[in-house]
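Chemist: just the structure for this:
(2 chains)
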Amino acid sequence: MNAITAQPVTATVATLDPSSAAGMIVFEDVSKFYGEVLGVNRVNLQIAPGITSLVGPNGSGKTTLMNLMTGLLRPSSGRISVLGLSPSESEEIFQKLGYCSQFDSFPRGATAREFIEFYLRVHGYSRQETADLTEAAIARVSLTDAADRKVSAFSKGMRQRVRLAQSIAHNPSVLVLDEPLNGLDPMARAEIIRLFREFADDGMCLIISSHILHEVDMMSDSVVLMQNGYVVAEGEVHGVRDEIDEHPIQILIRCDRPQVLAARLFEHEHTVEARIHDDRQGLFVKTRRPDDFYILLNKVITEQSLQVESVAPVDDDLNAVYQYLITSDGGNA
Amino acid sequence: MEATPELTKQVNPAAVPAVRAASWSLWRRQTLAIMALEIKKNFFSRRALLLYPLAGLPLFLLAILAIVPPDTDEMQNFGMLSQVYAAVYGALILRTLVFFGCAWIFMNLFRGEVVDRSLHYYFLSPVRREVLVVGKYLSGLVAAIVLFSITTVGSMLILYFGLFPAESGAFFAGGSGAGQLLSYLGVTILACIGYGAVFLIVGLRFRNPIIPGLLLYGWEWINFLLPPGLKKISVIHYLQSLVPVPMSEGPFAVLVEPTPAWIAVPSLFLFTAVVLFLAGRHIRRMQISYAGD
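Modeler: Numbering: from 1, shown residues only, chains lettered A, B, ... in the order given. From the prediction side, this is the model:
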């Protein structure tokens, strides 16, 4: 561990000039409790433009932190500032901030275009402005051909794109994305990650939660590791990359012929283990090189005409990686 | 696996309209936008399906009554029909149908969105939360007024024309029928306004609004037994003061003078404004934590 540093109470994701605080997201000693239950505790962060990933196992406080910075939750104590504004100032802040939450909900019967237009109209845009912004957002997430189809008929990945389009339609300076890659196939993941990088290159500040370390590695400038409501480490992302290379991650592929897939994946030298799921409709694979693995997986799927239902990392294994990151020498935790 | 076409950048940030300052004009546009979306939901969502049989129930029952009239004095005597309708309106339409219909529509305005996990879309928009309350309330009002006005007018016309077509023509064209009809319609609209505000705030404040809704129903039903001072802490008291044909409340009722219309109507509006103000204050501090709902 070299770039990841522990932060018992205070941390700074990037070294920044305090005078530029208006361009950042700042958490000052923020805690959030749900009754007796801890959400996040004593978080101190300054998030700079670029892509910052919040990483941690389920229940670590990532979504709470995002909901706090978008005003969906109010802190029990401490202060939060987004672009110099309090998240409670909804009229001002949401002209500059977009939030793509993980909640998959759409009005009944709405098309993708109607859904985006609904909420742009709520922003107060005129009909023409709404139409223009909707068209641009739809094009940006490559949904033009499907824009006039009902969202209820979309795949999970396409619905994810609709929500992404809705969150970027007003061209925010800060974009908060809660598990935006969930449910996407490897190709779609790569495309969306590329889009995020483009946003960041345009000067947008992106905060992305994920529990998929190799994706964090691919897209992030900075990473914040969370566990049990605490920010336990932060730093630049290349430290994570080194750790991932050393420690295999486990992935579950739900498909129709896991035996065929297992045989082909074992030809890959970085496949550590492949185990067929009890229901014989899935395959657990441990790999040291997730990037190469996903390329190989795409190839095998195409060659063998496999019907793949989902591809997802397995949490328990990731927890082990987090533990390692947090407790290794470099982590100092 | 879904095909993923090439992603492209097509937005010119400079083309995005400038940040808009808060103003009445903006709030009006936002209110209309919220109403446009919510009215669709109120009429066409899955939840709305319950409203149609509810609103149609009196029409159905009165149509049967008109086809197969019971052999009672009230039903054979045109002069008694206004009493019959007053009883049907008071007990079935006003106290039951409009009450529960408004409960369903207005409590779901916010609670339904929390259950559907979609309220955050509004909370993440640059819209004052008070504007959201107003927009949603007005949309609920449109739905309730349209549905229950049809019920009020339709049920009265079915009863009268179904039993006494000839007399009813003269009654509505030249007699007091049209005036009574408009009065009942006005009471229905005022009921939607008053109950709507109450149920909106109940849906906002309570995770399970059914129990407070039933308590309110009980309170409104026992209104006739309450002492004069307590009677006035209800919506039904003011509505009953406005119906064109007073309804008998039974031998145990505590009798009080009806509140004059010039007090009853402004009182209902004032009550509604206060409740909406409180709803606005509440939603300002509201947090979304779907996991807890």
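
Chemist: name the element the residue minimising distance to the centre of chain B belongs to?
Modeler: Most central residue of chain B, judged by C-alpha distance to the mean C-alpha position with Cα atoms, centre = their mean, is B:C192 at 3.1 Å. Under the assignment given by DSSP states H and E, the secondary-structure element containing B:C192 is helix B:177-205.

Chemist: state the mean pLDDT of that helix.
Modeler: When the per-residue pLDDT values of helix B:177-205 are averaged, the result is 95.

Chemist: just the C-alphas of the following helix or strand past it, formatted as PDB.
Modeler: Reading on from helix B:177-205 to the C-terminus, the next helix or strand found by DSSP H and E is helix B:210-221. What follows is helix B:210-221 as a C-alpha-only set of coordinates in PDB (Å, rounded to 0.1, in the frame of the first residue of the first chain):
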ATOM      1  CA  ILE B 210     -54.300   4.500   7.600                       C
ATOM      2  CA  ILE B 211     -54.700   4.800  11.400                       C
ATOM      3  CA  PRO B 212     -54.800   8.600  11.500                       C
ATOM      4  CA  GLY B 213     -57.100   8.500   8.500                       C
ATOM      5  CA  LEU B 214     -59.500   6.200  10.400                       C
ATOM      6  CA  LEU B 215     -59.400   8.300  13.500                       C
ATOM      7  CA  LEU B 216     -60.300  11.300  11.400                       C
ATOM      8  CA  TYR B 217     -63.100   9.300   9.900                       C
ATOM      9  CA  GLY B 218     -64.400   8.500  13.400                       C
ATOM     10  CA  TRP B 219     -64.100  12.100  14.500                       C
ATOM     11  CA  GLU B 220     -66.100  13.300  11.500                       C
ATOM     12  CA  TRP B 221     -68.800  10.600  12.000                       C
END
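
Chemist: centre of the chain to helix B:210-221, how far?
Modeler: 15 Å (Cα atoms, centre = their mean, to the nearest Å).

Chemist: and the angle from the longest helix along chain B to helix B:177-205?
Modeler: Among the elements of type helix in chain B, defined by DSSP state H, the one spanning the most residues is helix B:129-163. Compare the direction of helix B:129-163 with that of helix B:177-205 by axes from the mean of the first three to the mean of the last three Cα atoms, to 10 degrees and you get 140 degrees.

Chemist: check which helices and strands helix B:129-163 sits against.
Modeler: Using 3 or more Cβ pairs under 8 Å, 6 or more residues apart in numbering or on different chains; DSSP states H and E as the contact criterion, the elements in contact with helix B:129-163 are helix B:24-44, helix B:51-67, helix B:81-87, helix B:99-116, helix B:165-173, helix B:177-205, helix B:261-284. The C-beta positions use only the backbone N, C-alpha and C, and glycine is treated the same way.

Chemist: rerun that using 6 Å as the cut-off
Modeler: Contact analysis of helix B:129-163 by 3 or more Cβ pairs under 6 Å, 6 or more residues apart in numbering or on different chains; DSSP states H and E lists helix B:24-44, helix B:51-67, helix B:99-116, helix B:177-205, helix B:261-284 as its packing neighbours.

Chemist: closest to chain A out of those?
Modeler: Minimum separation from chain A across the helices and strands packed on helix B:129-163 (Cβ to the nearest Cβ) falls at helix B:24-44, 3.6 Å.

Chemist: say whether chain A is contacted by the closest one.
Modeler: Yes: applying Cβ under 6 Å from any Cβ of the partner chain, one finds that helix B:24-44 is in contact with chain A at B:26, B:29-30, B:33-34, B:37.

Chemist: which parts of that helix are buried?
Modeler: Within helix B:24-44, the residues scored as buried using 16 or more other Cβ atoms under 10 Å in any protein chain shown are B:26-27, B:29-31, B:33-35, B:37-42.

Chemist: now do that helix against helix B:129-163, angle only.
Modeler: Computed by the same axes, to 10 degrees, the angle separating helix B:24-44 from helix B:129-163 equals 40 degrees.

Chemist: residues in contact with helix B:24-44: which ones?
Modeler: A:118, A:121-122, A:124, B:20, B:48, B:127, B:131, B:134-136, B:138-139, B:142-143 (Cβ atoms under 6 Å, 6 or more residues apart in numbering or on different chains).

Chemist: show me where pLDDT drops low in the stretch 1-150 of chain A?
Modeler: Along the stretch 1-150 of chain A, the model assigns pLDDT under 70 to residues A:1-23.

Chemist: do you have the helices of it handy? List them.
Modeler: Secondary structure of the stretch 1-150 of chain A (DSSP state H, counting those that start in this stretch): helices at A:62-69, A:90-93, A:112-123, A:127-140.

Chemist: out of those, which is the most enclosed?
Modeler: helix A:62-69 (a mean of 25; mean count of other Cβ atoms under 10 Å in any protein chain shown).

Chemist: near chain B at all, that one?
Modeler: No: counting by Cβ under 6 Å from any Cβ, chain B has no neighbours in helix A:62-69; the shortest distance is 7.2 Å.

Chemist: can you give the distance from the lowest-mean-pLDDT helix or strand in chain B to the centre of its chain?
Modeler: Within chain B, no helix or strand scores below helix B:73-76, which has a mean of 75 by mean pLDDT, DSSP states H and E. Taking Cα atoms, centre = their mean, the mean C-alpha location of helix B:73-76 is offset from the chain mean by 32 Å.

Chemist: mind listing what's buried in that helix?
Modeler: Within helix B:73-76, the residues scored as buried using 16+ other Cβ under 10 Å are B:M75.

Chemist: again with stretch A:214-234
Modeler: In stretch A:214-234, counting by 16+ other Cβ under 10 Å, buried: A:214-227, A:229-234.

Chemist: also stretch B:66-85?
Modeler: Using 16+ other Cβ under 10 Å as the test for burial, stretch B:66-85 gives B:66, B:75, B:81-82, B:84-85.

Chemist: can you list the residues you listed in a markdown table and add distance to A:A112?
Modeler: Written out in a markdown table, the entries for the buried residues of stretch B:66-85 read as follows (distance: Cβ to Cβ, whole Å):
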| residue | distance to A:A112 |
| --- | --- |
| B:A66 | 49 |
| B:M75 | 56 |
| B:L81 | 54 |
| B:S82 | 54 |
| B:V84 | 53 |
| B:Y85 | 49 |
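
Chemist: A:S105: which of those is nearest?
Modeler: Each of these was checked against A:S105 using Cβ to Cβ; the closest is B:Y85, at 43.6 Å.

Chemist: okay, that closest one: pLDDT?
Modeler: Here the pLDDT value assigned to B:Y85 is 92.

Chemist: so what's it up against?
Modeler: Counting by Cβ under 6 Å, 6+ apart, B:Y85 has contacts B:156, B:159.

Chemist: just to revisit the earlier point, the buried residues of stretch A:214-234 in strands, which ones?
Modeler: Counting by DSSP state E, the members of those that fall within strands are A:222-227, A:230-234.

Chemist: export the residues you listed to JSON lines and append columns for pLDDT and distance to chain B.
Modeler: Below are those laid out as JSON lines (pLDDT from 0 to 100; distance: Cβ to the nearest Cβ, whole Å):
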{"residue": "A:S222", "pLDDT": "87", "distance to chain B": "23"}
{"residue": "A:V223", "pLDDT": "86", "distance to chain B": "24"}
{"residue": "A:V224", "pLDDT": "88", "distance to chain B": "21"}
{"residue": "A:L225", "pLDDT": "84", "distance to chain B": "22"}
{"residue": "A:M226", "pLDDT": "85", "distance to chain B": "17"}
{"residue": "A:Q227", "pLDDT": "81", "distance to chain B": "19"}
{"residue": "A:Y230", "pLDDT": "87", "distance to chain B": "19"}
{"residue": "A:V231", "pLDDT": "85", "distance to chain B": "20"}
{"residue": "A:V232", "pLDDT": "78", "distance to chain B": "22"}
{"residue": "A:A233", "pLDDT": "75", "distance to chain B": "26"}
{"residue": "A:E234", "pLDDT": "77", "distance to chain B": "26"}
